[in-house]
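*Asks:* here is my input; please provide its structure:
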Amino acid sequence: MTNTRVDVAIQGIRLLDAPVSRTGGAGPSDDGHVLLGGIGAAIPLNPRSPYSVRGGKLLLDGADTGMGVEAVARPRFYDLSTADGIPYDKIARLHSANVLATTVVQTCSRYAEDERCRFCAIEDSLTSGATIAVKTPAMLAEVARAAYDLDGITQVVMTTGTSRGRDRGAAHLARCARAIHEAVPELPIQAQIEPPADLSCLQDLYDAGVRSIGIHVESLDDDVRRRWMPGKGSVPMADYKAAWAEAVRIFGWNQVSTYILVGLGEDPDELVAGCEELIAMGVYPFVVPFRPLAGTLATEVDGAVAPPHDVVYDVTSQVAFALRRAGMLGADQAAGCAACGACSALGGLDGSDERRCAS
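*Replies:* Numbering: from 1, shown residues only. Have a look, this model is predicted:
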């Protein structure tokens, strides 16, 4: 079943109706949100995929795979607007079945073409009118309260475009987190950020109510980083390691994660070895297949394609084994991508999906 989950994550599904979906943005793909075998999954919408859905079953070339599929229902908070007329779904979105996600600042200082991450389209959703440039703490507190009361969300994920300040955007994330925490103290919050130049910003996030953090590097290979993310790749790996170590000290073991994209050209064995080093630090490597996203340089200029199934499955399996050996489950994180698990097949192998089903 996990093998199928990996294949679907790469090839997507021909979905006729996905009430909760997203296009553009920071990635990882143009996706529809479903329950796949009862577990939340963000699956690429691909009209050419060999996978389809009929009668609540996942079919491969018309044959039943034995896996059930249920589309996530449109949340009720999407029908509301702020007093000054901003629709709630332009402030925050439902991800998977129960995660409230928002990009608090939808612009990025690295979005010039010679600096942009080639897999990112963070400003496209702003250009299309699907969102607003800056979400205020008051807005997010209002939406979080409604999403919790109306739709039973269980966690909040906040990311941001990178600012030019030394905090890299952490100060605004902290203000937003504090407002959400005061409005709905029951909701755990994850913040996602580049390594700030001043690491005291990490303590500020914790003090504001953030309980897990994503410091996303995407690749552990410097040549790959410079090629795929020329601006962000200029941040030395030593800065990431220092930020991860300080974050583990503040947030705790297995409350720090980093995105690792499979398929950017990194040697698979070196990628796995790097993930094992992260695990030894107490950092969860959230391994996700690279999936071409509309509006990105990778798709529109490079013609990049998703990686082979066998490579993704092999890397995911080895990283999951290392996570199991360390007793590190994504489902044990307070909030965030690893806690949700929808964009990766790791959960079916590291034991997280069993935990999610039990809860």
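*Asks:* CA only for contacts and neighbour counts going forward, please
*Replies:* OK.
*Asks:* from Ile279, how far out is Gln155?
*Replies:* Separation of Gln155 from Ile279 (CA to CA, to the nearest Å): 23 Å.
*Asks:* no, scratch that, I was asking about Arg211
*Replies:* Distance of Arg211 to Ile279, computed by CA to CA: 19 Å.
*Asks:* can you check Arg324 too?
*Replies:* Per CA to CA, Arg324 is found 10 Å from Ile279.
*Asks:* who's more crowded, those two?
*Replies:* Remark: of Arg324 and Ile279, Ile279 carries more neighbours, 22 against 15, as counted by other CA atoms under 10 Å.
*Asks:* close enough to count as contact, that one and Ala326?
*Replies:* Yes - between Ile279 and Ala326 there is a contact under CA atoms under 8 Å: 7.4 Å.
*Asks:* OK, contacts around Gln255?
*Replies:* Gln255 is in contact with Arg211, Ser212, Ile213, Val248, Gly282, Val283, Tyr284, Gln333, Ala334, counting by CA atoms under 8 Å, 6 or more residues apart in numbering.
*Asks:* quick one: Val283 and Thr258 touch, right?
*Replies:* Yes - at 7.2 Å, Val283 counts as touching Thr258 under the criterion of CA under 8 Å.
*Asks:* just the buried residues of the strand or helix carrying Ala174, please?
*Replies:* Ala174 is located in helix 170-183, with elements delineated by DSSP states H and E. Within helix 170-183, the residues that qualify as buried by neighbour count (16 or more other CA atoms under 10 Å) are 170-181, 183.
*Asks:* could you check stretch 322-331 and say which residues are buried?
*Replies:* Within stretch 322-331, the residues that qualify as buried by neighbour count (16+ other CA under 10 Å) are Ala322, Leu323, Met328, Leu329, Gly330, Ala331.
*Asks:* which other residues reach that stretch?
*Replies:* Residues outside stretch 322-331 that contact it (CA under 8 Å, 6+ apart) are 254, 276, 279-280, 284, 338-341, 347, 350-353, 355-356.
*Asks:* just the closest of these to Phe290, please.
*Replies:* If you rank the contacts of stretch 322-331 by distance to Phe290 using CA to CA, Gly341 comes first, at 15.3 Å.
*Asks:* how far away is the closest one from Ile86?
*Replies:* Distance, Gly341 to Ile86, by CA to CA: 30 Å.
*Asks:* quick one on the thing from earlier: closest to Pro44 among the buried residues of stretch 322-331?
*Replies:* Using CA to CA, Gly330 is the member of the buried residues of stretch 322-331 that sits closest to Pro44, with 21.6 Å.
*Asks:* please report how far the closest one lies from Val157.
*Replies:* Separation of Gly330 from Val157 (CA to CA) stands at 14 Å.
*Asks:* again with Ala335
*Replies:* 7 Å.
*Asks:* next one: Leu60
*Replies:* The gap separating Leu60 from Val157 is 33 Å, by CA to CA.
*Asks:* out of the two, which sits in the busier spot?
*Replies:* Neighbours were counted for Leu60 and for Val157 using other CA under 10 Å; Val157 has more, 26 against 16.
*Asks:* confirm the more buried one sits in a strand?
*Replies:* Yes - with DSSP: H, G, I helix; E, B strand; the rest coil as the criterion, Val157 is part of a strand.
*Asks:* that one against Ser96, yeah?
*Replies:* No - look at Val157 against Ser96 with CA under 8 Å: they stay out of range, at 11.8 Å.
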